[in-house]
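# dropping the sequence and predicted coords here.
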Amino acid sequence: MDNSELKRLARSLGFKEVFLLPPPELPAHDDEPHIVWNTADIPWVKAAALLVWAYKPYPKEERIPSYYINSNLSYHASVALAKQLEAEGLPVLRREVPIKQLAVKFGVGIPLKSSLIAVPPYGTRIAFQSLLLGEPFAPEEYSLSEKSFCDTCRACEKACPAHAITAAGYDVTRCMRHYMDGADYPEWVYGIQKTHLGCEICQQVCPMNASLGFDEPTAEIKKAFALDALAEGNTRPARLLVGKNMTGHGKLEKEAKHFLEREKRD
Ligand code: SF4
Ligand code: SF4
């Protein structure tokens with residue numbers, strides 16, 4: 001199997017693109033030990049594959065963010081891809097790499113003021129997965145014609161309800177997304193969040209995503225995320241759709257109760 005066959009296989013599993021980049025060579029961060037920051041201890045690794053799962057958002061009135069549903073689908077597709085490579089005796093490790101850093105450094109992603117990266121033509125609406133690969137796979141060269149996009153735009157700065165994006169830059173300590181990765185959030189996040197599990201607002205207004213259009217959640221997804229059912233603790237169907245990692249500790253139930261309270265109040 002070579003790079004082209006790997007890409008064909010990944011596309012058959014639902015990925016839109018595969019970028020084959022040099023392996024990461026960064027200092028390790030102790031606070032994120034699950035990420036492979038460098039491959040000094042695994043010298044057989046010759047390439048880091050960024051698997052791009054592009055998706056369309058749901059209309060912004062929806063409380064369900066399609067990212068988490070697609071991220072779960074992309075996770076299962078990456079497991080299937082790794083298993084197929086293993087079955088053919090090819091050297092592969094399904095591990096998280098510093099995706100943003102690699103994508104920007106090697107010319108496949110544009111860094112944005114919102115701290116996200118955009119990959120044309122998919123904008124920021126991407127769920128990434130990554131694989132570390134040995135020979136016969138090898139890195140390829142990429143170069144983006146567009147290096148910066150935010151210079152004159154302030155759309156996310158104006159839209160962010162947490163004031164996490166200002167003229168001074170992006171402040172992670174004010175960003176809802178940062179807290180929503182955890183098991184529970186500060187009360188102020190419950191008070192202003194618009195969508196379950198993560199904040200979508202800066203992506204909704206970003207011109208990088210303007211031409212992507214929308215998908216509608218299916219009847220199954222709407223039923224799984226019905227607020228009354230979630231608030232009563234019936235979260236299993238929703239957790240199956242978005243994966244259990246993101247939804248432990250009664251998170252969906254608590255969010256649903258807050259949304260219902262706000263609906264009554266407003
Ligand atoms: S994710 Fe939400 S809170 Fe964070 S910068 Fe974007 S709009 Fe602001
Ligand atoms: S909304 Fe504008 S400033 Fe914000 S990330 Fe997108 S392009 Fe950059």
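Nice, I can see it. Ligands and ions are numbered 1, 2, ... in the order given.

# quick check, L21 in contact with G109.
No - in this structure, L21 is not within contact of G109 by CB atoms under 8 Å, at 10.3 Å. Using the backbone N, CA and C atoms, a C-beta is placed for each residue, glycine as well.

# give me the common contacts of the two.
A103 (CB atoms under 8 Å, 6 or more residues apart in numbering).

# the more surrounded of these two?
Neighbour totals were compared for L21 and G109, and G109 leads with 26 against 22 (other CB atoms under 10 Å).

# list the contacts for E157?
E157 neighbours (CB under 8 Å, 6+ apart): 113, 165-167.

# please apply the same query to P57.
Taking CB under 8 Å, 6+ apart as the test, what P57 contacts is 65-67, 125, 200, 203-204, 209, 212, 214-215.

# I'd like the distance between it and Y122.
11 Å (CB to CB, to the nearest Å).

# who touches both of the two?
Common neighbours of P57 and Y122 (CB under 8 Å, 6+ apart) are L212.

# domain parsing for the chain?
Per automatic domain parsing, the structural domains of the chain span 3-133, 155-265.

# a markdown table for these, including mean pLDDT and distance to ligand 1?
A markdown table is the format used below for the domains of the chain (pLDDT from 0 to 100; distance: least, CB to the nearest ligand atom, whole Å):
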| stretch | mean pLDDT | distance to ligand 1 |
| --- | --- | --- |
| domain 3-133 | 95 | 5 |
| domain 155-265 | 91 | 3 |
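
# deepest of these, which one?
Mean neighbours per residue, mean count of other CB atoms under 10 Å, is largest over the domains of the chain for domain 3-133, with a mean of 18.

# wait, does that one contact ligand 2?
Yes - judged by CB under 6 Å from any ligand atom, domain 3-133 comes into contact with ligand 2 at 112-114.

# re earlier: which members of the contacts of P57 occur in helices, if any?
Per DSSP state H, helices hold the following members of these: 66-67, 203-204.

# the residues you listed into JSON lines, with extra columns for distance to L144?
Shown next, in JSON lines, are these (distance: CB to CB, whole Å):
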{"residue": "S66", "distance to L144": "25"}
{"residue": "Y67", "distance to L144": "23"}
{"residue": "Q203", "distance to L144": "19"}
{"residue": "Q204", "distance to L144": "23"}
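
# now, which of those sits nearest ligand 2?
Looking at the ones in helices among the contacts of P57 and their distance to ligand 2, the nearest is Q203, at 8.1 Å (CB to the nearest ligand atom).

# can you tell me the closest non-neighbouring residue to that closest one?
T124 (5.1 Å; CB to CB, 6 or more residues apart in numbering).

# was I right to think the one you found contacts I117?
Yes - look at T124 against I117 with CB under 8 Å: they come within range, at 7.0 Å.

# need the helices for this protein, in chain order.
3-12, 66-87, 99-105, 155-159, 176-180, 187-192, 201-205, 219-224, 227-231, 236-242, 251-265.

# tell me the helices and strands packed up against the third one.
Helix 99-105 makes packing contacts with strand 17-21, strand 47-54, strand 110-111, strand 117-118 when contacts are defined by 3 or more CB pairs under 8 Å, 6 or more residues apart in numbering; DSSP states H and E.

# go with 10 Å
Other helices and strands packing on helix 99-105, by 3 or more CB pairs under 10 Å, 6 or more residues apart in numbering; DSSP states H and E, are strand 17-21, strand 47-54, strand 110-111, strand 117-118, strand 126-133.

# again, but for the last one
Contact here means 3+ CB pairs under 10 Å, 6+ apart; on that basis helix 251-265 packs against helix 187-192, helix 227-231, helix 236-242.

# possible to save the ones you listed as CSV with distance to ligand 2?
CSV is the format used below for the helices and strands packed on helix 251-265 (distance: least, CB to the nearest ligand atom, whole Å):
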stretch, distance to ligand 2
helix 187-192, 19
helix 227-231, 29
helix 236-242, 25
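
# redo those helices as a markdown table? Include distance to A80.
As requested, the helices and strands packed on helix 251-265 are exported to a markdown table (distance: least, CB to CB, whole Å):
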| stretch | distance to A80 |
| --- | --- |
| helix 187-192 | 34 |
| helix 227-231 | 29 |
| helix 236-242 | 17 |
